[in-house]
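*Asks:* here is a sequence with its predicted model. Questions after.
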Amino acid sequence: MVDNVVIVGGGTAGWMTASYLKAAFADRISVTLVESGKIGTIGVGEATFSDIRHFFEFLDLREEDWMPACNATYKLAVRFQDWRRPGHHFYHPFEQMRSVKGFPLTDWWLQSGPTDRFDKDCFVMASLCDAGRSPRYLNGSLLEQDFVEGAEEPVGLTMSEHQGKTQFPYAYHFEAALLAKYLTGYSTDRGVRHIVDEVEDVRLDERGWIDHVLTKEHGELHGDLFIDCTGFRGMLLNKALEVPFVSYQDTLPNDSAVALQVPLDMKKVGIRPCTTATTRDAGWIWTIPLFGRIGTGYVYAKDYCTPEEAERTLREFVGPEAAEVEANHIRMRIGRSAQSWKNNCVGIGLTSGFVEPLESTGIFFIHHAIEQLVKHFPAADWRPELRDAYNSAVAHVMDGVREFLVVHYLGAGRDDTQYWKDTKTREVPDALAERIERWKVQLPDSENVFPYYHGLPPYSYMCILLGTGAIPLRPSPALSLTDETAAQKEFAAIRDKARHLVDTLPSQYEYFAAMRGA
Ligand SMILES: Cc1cc2nc3c(=O)[nH]c(=O)nc-3n(C[C@H](O)[C@H](O)[C@H](O)COP(=O)(O)OP(=O)(O)OC[C@H]3O[C@@H](n4cnc5c(N)ncnc54)[C@H](O)[C@@H]3O)c2cc1C
Ligand SMILES: N[C@@H](Cc1c[nH]c2cc(Cl)ccc12)C(=O)O
């Protein structure tokens, strides 16, 4: 049996992996996590996919268990600010795309003479975001919409098996360091051995498999399976086992970031229920509202902007509240390891791969990797088929998300700086170029987007294409021959439901102030 797991690294990836493996295998496996007390974690990573609820459910954790400990808030969407033109914004929400007579509502929207905001016309959530509403009422009940809490839904599925069956209406923002701390307690309470020490060397056997890691003060740590959660360093997978790194920088040039954690007077400014991505001359700025502060940062390409310019831009964007706050400058390794699993070593987290956080995919990558590791967990014969299937699933998810992010830049309307001009001339992978030509004639659907599971449904592509605006789209010709009464009724129903929810739901600040007795 493979039942002795050693995890190196105590960031979000390390502790999500330790806690999930313990929830999956309990005392059938032993888990040791060693983390350096000197090498810091990346310290950011605070917005998620809605799928993260499956992670907490698997650990048998309810929102009231972990959200207060992590200063967590709700995320209904990503708000894209100034991507189409200055002053314009649109949302990419967690809300199923409605269909009328077999055609997506966005198709009918194109047919009926587009307005400036497809998102407000086709989704209820866009109005809730504009109004700063919570998705839950003060009594804790969830807003009424196509996902009904407590109704029969498939349980125990992995995310890839679940996609498309239901769309949960929100994700979370949380303080990454506080989540890691919370999961440390969860894990050690369930028997994970936690060692604070530095791994100084990785010792291989004659086959090139990891025999043990050598720590500064606790000697050799032996195990069957070693999980590399050492972040961008990739100490075990990339360095010791020499797995090469496949860069995405030819299509995604942003390789740097500068971050600030800014205290927030929530009572005065409220808590926006969405992550915001605001364009700047050489990239974009994220704003993540937490309970008590915002996490914000400028993601940029160093070929177009120096760290000093980036920090100045970010501080100007935030304003005087940032004056006393220390900036955290980060170099990002963009791309993925050629294989995340080699011999008896699996890389999870930044070691495995990373793309800029435009759609908050880092923690989704971790969650997906852990689910797939459990699904493909090795036996003592280490059959290569399990490893190969794992590597294929993980590579597809990252390659698919990469493609989805490239679409944001190809569609962006900004062309006022060299950085934004270059987003339109950079070479596009053939497969994506073909898909884009297809989308100009027929909106994205399950047959014409990236063909493997990567966490994003076709409606996500529709939102980005319709919101950014630079790629011309047109309605299906059939709609000009079809009566549009039913579609107009659907648009009216969305307007009515949005008005009702905005009028009856509390603001996100009111909700969390009440929940936390603030
Ligand atoms: C600018 C930026 C913004 C991001 N925003 C988001 C977001 O909004 N949403 C999202 O989902 N993701 C986001 N991410 C990604 C997210 O931060 C990471 O996926 C997550 O933090 C996982 O990091 P990690 O645990 O892999 O690595 P790290 O956090 O770097 O942790 C590495 C760990 O390894 C340990 N270590 C390293 N070397 C040794 C050694 N020799 N011995 C012992 N221990 C060692 C360190 O001490 C540390 O504990 C963002 C990333 C960046 C860079
Ligand atoms: N499975 C993902 C897909 C998704 C659907 N809508 C959004 C919006 C945003 Cl901002 C990210 C991701 C998604 C999920 O449901 O989380």
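*Replies:* Okay, I see it. Ligands and ions are numbered 1, 2, ... in the order given.

*Asks:* CA only for contacts and neighbour counts going forward, please
*Replies:* Noted.

*Asks:* quick one: the helices in the stretch 301-450 of the chain?
*Replies:* Residue ranges of the helices in the stretch 301-450 of the chain, as given by DSSP state H, counting those that start in this stretch, are 307-318, 362-375, 384-411, 418-422, 430-439.

*Asks:* of all those helices, which one is nearest Ser134?
*Replies:* Using Cα to Cα as the criterion, the shortest distance between Ser134 and these is 22.8 Å, found for helix 362-375.

*Asks:* the helices in the stretch 101-250 of the chain, which residues?
*Replies:* Listed in chain order, the helices of the stretch 101-250 of the chain (DSSP H, counting those that start in this stretch) span residues 105-111, 118-122, 125-130, 159-162, 176-189.

*Asks:* can you add mean neighbour count and give those helices back as CSV?
*Replies:* Output for the helices of the stretch 101-250 of the chain, formatted as CSV (neighbours: other Cα atoms under 10 Å):
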stretch, mean neighbour count
helix 105-111, 21
helix 118-122, 21
helix 125-130, 24
helix 159-162, 16
helix 176-189, 19
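
*Asks:* which of the helices of the stretch 301-450 of the chain sits most buried?
*Replies:* Comparing the helices of the stretch 301-450 of the chain by mean neighbour count (mean count of other Cα atoms under 10 Å), helix 362-375 ranks first with a mean of 22.

*Asks:* output the contacting helices and strands for that one.
*Replies:* Based on contacts counted as 3 or more Cα pairs under 8 Å, 6 or more residues apart in numbering; DSSP states H and E, the elements that helix 362-375 packs against are helix 12-25, helix 52-58, helix 384-411.

*Asks:* please compute how far the longest one lies from its chain's middle.
*Replies:* The reference is to helix 384-411. Averaged C-alpha coordinates place helix 384-411 at 13 Å from its chain's average position (Cα atoms, centre = their mean, to the nearest Å).

*Asks:* got the phi and psi for His92?
*Replies:* According to degrees, to the nearest 10, the main-chain angles of His92 amount to phi -110, psi 100.

*Asks:* stretch 278-298 vs ligand 2: in contact?
*Replies:* No. Under the criterion of Cα under 6 Å from any ligand atom, ligand 2 is not reached by stretch 278-298; the shortest gap measures 12.1 Å.

*Asks:* and the stretch 201-350 of the chain, which residues reach ligand 1?
*Replies:* 229-231, 257, 332, 349-350.

*Asks:* ok, now the chain?
*Replies:* Contact residues, the chain versus ligand 1 (Cα under 6 Å from any ligand atom): 8-14, 34-36, 39-42, 44-48, 197-200, 229-231, 257, 332, 349-351, 357, 360-364.

*Asks:* residues in contact with the helix or strand of the chain with the lowest mean pLDDT?
*Replies:* Ranking every helix and strand in the chain by mean pLDDT, DSSP states H and E puts helix 159-162 at the bottom, with a mean of 86. Contacting residues not belonging to helix 159-162 are listed as 51, 54, 154, 368, 453-455 [Cα atoms under 8 Å, 6 or more residues apart in numbering].

*Asks:* how about these, which pair is most distant?
*Replies:* Among these, the pair separated by the greatest distance (Cα to Cα) is Pro154 and His454, which sit 19.7 Å apart.

*Asks:* and the two? Which one has more around it.
*Replies:* Shown here are Pro154 and His454; by other Cα atoms under 10 Å, His454 has more neighbours (25 against 10).

*Asks:* confirm for me that the more buried one is in contact with Phe404.
*Replies:* No. Here His454 lies out of contact with Phe404, judged by Cα atoms under 8 Å, at a distance of 9.3 Å.

*Asks:* hang on, Ile494 in a helix?
*Replies:* Yes. When DSSP: H, G, I helix; E, B strand; the rest coil is applied, Ile494 is found to be in a helix.

*Asks:* now do the contacts for Ile472.
*Replies:* Quick fix: residue 472 is Pro, not Ile. With contact set as Cα under 8 Å, 6+ apart, Pro472 has these partners: Lys440.

*Asks:* could you do the one 10 residues further on as well?
*Replies:* With contact set as Cα under 8 Å, 6+ apart, Thr482 has no partners.
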